[in-house]
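In: Build me a structure from this.
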Amino acid sequence: MNQVHVVSHPLVAHKLSLMRDKDRSTHGFRQLLNEIGMLLCYEVTRNLPLEYVTIATPLATMQAPVIAGKKLVLAPILRAGTGFLDGMLQLVPSARVAHIGLYRDPATLQAVEYYFKAPLDIAERLTIVMDPMLATGHSAIAALTLLKNRGVKDLRFVCLLAAPEGLAALAAAHPDVEVWTAAVDSHLNDHGYIVPGLGDAGDRMYGTK
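Out: Numbering: from 1, shown residues only. You can find the predicted model right below:
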């Protein structure tokens, strides 16, 4: 799967291992997700286009690189995707934010949309979709389809953990969308959870069941 980028940085691997621990506190899990979000943002934005502008340093004028084009959009899938948001906004504080409300039907495992709010000109911007877990892939596929239907052409997907089944489903539905993840785990269990995984990211973030 050429569009999958596994971020192998030691800090990412270390923090992910801490998050997998079932005894990690809600606060600790949330803080680590925030920190990994920042590290993943660094990778997913590595090839943003640059342009040169004239600036004056204390010693001279120069042509200096700045990010070109319109500000990007960060699009977390509610609710767990918001765990990435603060860390990413620390790196790109001028980014716009879209919110995509989807939940997984427990019987069918299909994604159901309940909320969407985005910048009016989102179709003209690079949009980074975020969700900690790429399990069955249904939520990611639904979010990307929703954005494409609104004219977005430049899309990237960021997750903390991915299952092979989810990656295959996403590649089949959206072969043009690249994926950044901290790890690809073994498989899905009968309930659609990633194994070994880390449980339900939303529940662990917010202390809910």
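In: Secondary structure element holding residue 168?
Out: Element membership for residue 168 (DSSP states H and E) is helix 164-173.
In: what ranges do the strands span in this structure?
Out: Using DSSP state E, the strands of the chain run over 4-6, 50-56, 61-67, 73-78, 96-97, 99-104, 111-117, 127-130, 133-134, 155-162, 178-184, 187-188, 194-195.
In: What are the contacting residues of the second one?
Out: Yep, that's strand 50-56 we're talking about. 61, 62, 63, 64, 65, 66, 67, 68 (CB atoms under 8 Å, 6 or more residues apart in numbering). Where you see a C-beta, it was placed from the backbone N, CA and C, and this is true even at glycine.
In: Also the longest one?
Out: Around strand 155-162, the neighbours that count as contacts under CB under 8 Å, 6+ apart are 4, 16, 19, 33, 36-37, 40-41, 44, 84, 126-134, 140, 144, 147-148, 170, 174, 176-185, 194, 197-198, 201.
In: That one: which residues count as buried?
Out: By neighbour count on 16 or more other CB atoms under 10 Å, the buried set for strand 155-162 is 155, 156, 157, 158, 159, 160, 161, 162.
In: What of the second one?
Out: For strand 50-56, burial by neighbour count (16+ other CB under 10 Å) applies to no residue.
In: How about stretch 173-187?
Out: Applying 16+ other CB under 10 Å to stretch 173-187 flags 174, 177, 179, 180, 181, 182, 183, 184, 185 as buried.
In: Could you report the separation of the residue nearest to residue 184 when sequence neighbours are not counted from residue 113?
Out: Excluding its sequence neighbours, the residue lying closest to residue 184 (CB to CB, 6 or more residues apart in numbering) is residue 162, at 5.0 Å. Distance, residue 162 to residue 113, using CB to CB, to the nearest Å: 22 Å.
In: next one: residue 152
Out: 15 Å.
In: Between the two, which is the more surrounded one?
Out: The residue with more neighbours, out of residue 152 and residue 113, is residue 152; 21 against 14, by other CB atoms under 10 Å.
In: Residue 12 contacts residue 181, doesn't it?
Out: No - counting by CB atoms under 8 Å, residue 12 does not reach residue 181; the two are 9.7 Å apart.
In: what's the pLDDT at the closest residue to residue 72 other than its chain neighbours?
Out: Of all residues not flanking residue 72 in the chain, residue 126 sits nearest, at 4.4 Å (CB to CB, 6+ apart). The per-residue pLDDT reported for residue 126 equals 95.
In: Residue 69 too?
Out: 84.
In: Please check the contacts of strand 155-162 and keep the buried ones.
Out: 4, 16, 19, 33, 36-37, 40-41, 44, 84, 126-134, 140, 144, 147-148, 170, 174, 177, 179-185, 194, 197-198, 201.
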